[in-house]
Each structure stands twice: as structure tokens, then as C-alpha cells.
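> dropping the sequence and predicted coords here.
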Amino acid sequence: MSANTSIKQLPLSMWLRQGATFDSYVSAANQQLLDNIRNVAALGEEHFIFIWGAEGVGKTHLLQAACHAATNAGNSSVYLPMQEAAQFAPEMLEDLEQMTLVTIDNIDAVAGDQAWETALFNLYNRVRDNGECRLIVSAHQPLASLGLRLPDLLSRLSWGLVYQVQAMTDEEKLQALKQGADSRGFELPDEVANYLLRHYQRQTAALFDLLERLDQRSLAEQRRLTIPFVKQVIETDFRSSKE
């Protein structure tokens with residue numbers, strides 16, 4: 001993707017997971033955060049939110065859920081994962097303030113990169129001047145630990161609300177998986193959900209990615225979700241990753 005790629009050429013939904021919705025997010029410890037992100041996605045009074053937390057606590061889910069909510073309400077949104085920044089250039093941020101909602105995930109991935117930090121700083125200023133756009137940014141580290149070289153960007157990230165995302169309990173993860181399955185129109189038996197938590201990656205994003213693959217495979221092969229079938233899918237994924 002070239003540096004002069006326009007916003008109209010950006011495949012806005014290319015990184016969005018279908019099941020990443022507010023309805024499938026379960027965490028009592030993050031209820032206030034969830035309420036505020038819902039409010040921002042619905043064009044509430046707040047314009048900026050910065051969230052941080054360890055890998056796998058659901059930051060990506062929340063950002064993508066906000067995009068889905070904005071889109072379902074007829075508004076424009078974009079989700080940009082900075083861990084994929086090699087696929088585009090800092091110029092991609094130009095004109096994003098014309099969107100209703102901009103979500104930028106894992107800003108840590110470009111911390112220390114002067115071009116990206118400058119582009120993000122300028123985006124914040126344009127969003128503020130525009131007055132209509134909302135911006136949600138996530139990171140793995142708190143603001144003071146991001147390792148940014150541009151002090152003015154650090155001050156911009158502290159505009160608005162700042163939250164630490166708390167990890168889900170196992171019970172909440174089970175509930176989220178079952179709700180995610182329900183939203184896709186299939187049943188996730190309790191024994192299968194418990195098996196996933198015991199024998200697969202416990203990070204929320206990884207669990208939901210697997211849930212999507214299980215849905216696709218079960219539809220393609222007309223199979224029920226059983227533990228032997230889940231084992232088969234996981235083993236196939238593992239072999240494919242080694243090839």
C-alpha cells in the first residue's frame with residue numbers, strides 16, 4: 001500500500017472480527033470503561049479515550065466493537081492495528097478526522113518512530129479541530145511507559161479519558177465465548193468451552209479467533225462442536241503454522 005493511498009482506498013473492515021461486539025464482551029471490572037466506549041461510539045460528549053492493559057485482556061475486542069457499533073448506526077469508522085504498520089504508511093492517518101470514529105490499536109508498536117509519532121500528534125490536533133470525530137487509542141503500557149520520543153504526543157494521549165483494562169475472569173471468558181457463539185448462531189457446549197480454556201491460549205483475542213475458525217469449519221464440514229472436532233481443528237492449525 002503506497003504512502004499516498006487515500007482514505008477511500010482503505011479497506012476499512014479488513015481487520016475487524018465479526019464476533020467482536022459489545023454484546024459478546026463480558027467483564028464486570030471494566031463496566032465503566034465499556035459504558036464510556038459505547039458512549040463514544042454513539043457520538044457522545046467525550047471525544048478521546050486512551051486504554052491500556054496487558055496482552056489478551058480484550059483491548060482489541062473493545063476497539064473493534066466500537067467500530068461495529070458505529071457502522072451499525074450508519075456512521076463511518078476505521079480500525080488500524082499498529083502492529084500491522086508495515087502494511088501502510090504514516091500518511092494513512094491523513095484525513096482520518098473526516099471519519100466519525102477512529103480506533104488505533106497497539107500504539108506501542110510505533111513508539112519511537114518519529115514519522116508515526118508526528119502523524120499521530122497531527123491526527124489528534126485535527127480530530128480536536130474537527131469537533132465531529134471520536135478517537136480511541138490502545139496500548140500495552142501506561143502513558144508514562146510507552147517510550148514516546150515526542151512529548152507533545154504524550155500530552156495528546158492524555159486528553160480525554162484514560163483507563164486500564166482489567167483481565168476477564170475464567171467465568172467471564174466462558175460467558176463471553178458462549179455469547180460469541182450465540183451471536184454467530186451456533187451452540188457452544190459447556191464441555192467444549194471449558195476444554196478451550198484448559199487446553200488453548202487463554203488470551204481473549206486468540207480464543208475468539210479460534211471460535212471464528214470453529215464456526216467456519218463446522219459449517220463447511222457440517223459437524224457439531226465436540227471436543228474431538230475441536231482437537232482436530234487445533235491440531236490442523238498447529239501443523240499449518242509449522243509448514
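Nice, thanks for sending it over. Residues are numbered from 1 along each chain as shown.
> break down the chain into its strands, ranges please.
Counting by DSSP state E, the chain has strands at residues 48-52, 77-81, 101-105, 134-139, 161-164.
> the residue lying closest to Phe229 once chain neighbours are set aside: how many residues sit nearby?
Distances taken as C-beta to C-beta, 6 or more residues apart in numbering place Arg223 nearest to Phe229, at 5.2 Å, with adjacent residues excluded. C-beta here means a position set from N, CA and C on the backbone, and glycine is covered the same way. If you count neighbours by other C-beta atoms under 10 Å, Arg223 ends up with 14.
> quick check: Arg223 touching Asp215?
No. Taking contacts as C-beta atoms under 8 Å, Arg223 lies outside contact range of Asp215: 11.0 Å.
> what's the overlap in contacts for these two?
Residues touching both Arg223 and Asp215 (C-beta atoms under 8 Å, 6 or more residues apart in numbering): there are none.
> buried ones in the lowest-mean-pLDDT helix or strand in the chain?
None of the helices or strands of the chain scores lower by mean pLDDT, DSSP states H and E than helix 227-242, at a mean of 82. Buried residues in helix 227-242, counted by 16 or more other C-beta atoms under 10 Å: Phe229, Val230, Val233, Ile234.
> residues contacting that helix, please?
The contact list for helix 227-242 (C-beta under 8 Å, 6+ apart) reads Glu191, Val192, Tyr195, Leu196, His199, Tyr200, Leu210, Arg213, Leu214, Arg217, Ser218, Arg223.
> centre-most residue in the protein?
Thr60 (2.1 Å; C-alpha atoms, centre = their mean).
> and Trp116, how far from Thr60?
In this structure, Trp116 and Thr60 are 19 Å apart, going by C-beta to C-beta, to the nearest Å.
> with Val137 instead?
12 Å.
> for Asp95, same thing?
24 Å.
> any idea of the mean pLDDT in stretch 143-152?
The average pLDDT for stretch 143-152 rounds to 95.
> what residues of that stretch count as buried?
Buried residues in stretch 143-152 (16+ other C-beta under 10 Å): Leu146, Leu148, Leu150.
> what comes into contact with that stretch?
50, 52, 107-108, 111-112, 114, 117-118, 121, 139, 141, 154, 157-158, 162.
> using PDB, write out every CA atom in it.
This file holds the C-alpha atoms of stretch 143-152, laid out as PDB (Å, rounded to 0.1, in the frame of the first residue of the first chain):
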ATOM      1  CA  LEU A 143       1.300   6.500  29.200                       C
ATOM      2  CA  ALA A 144       4.500   7.000  31.200                       C
ATOM      3  CA  SER A 145       6.000   3.700  30.000                       C
ATOM      4  CA  LEU A 146       5.200   4.000  26.200                       C
ATOM      5  CA  GLY A 147       8.700   5.200  25.300                       C
ATOM      6  CA  LEU A 148       7.500   8.000  23.100                       C
ATOM      7  CA  ARG A 149      10.100  10.500  21.800                       C
ATOM      8  CA  LEU A 150       7.600  13.300  21.100                       C
ATOM      9  CA  PRO A 151       6.500  14.800  24.500                       C
ATOM     10  CA  ASP A 152       3.600  16.700  22.800                       C
END
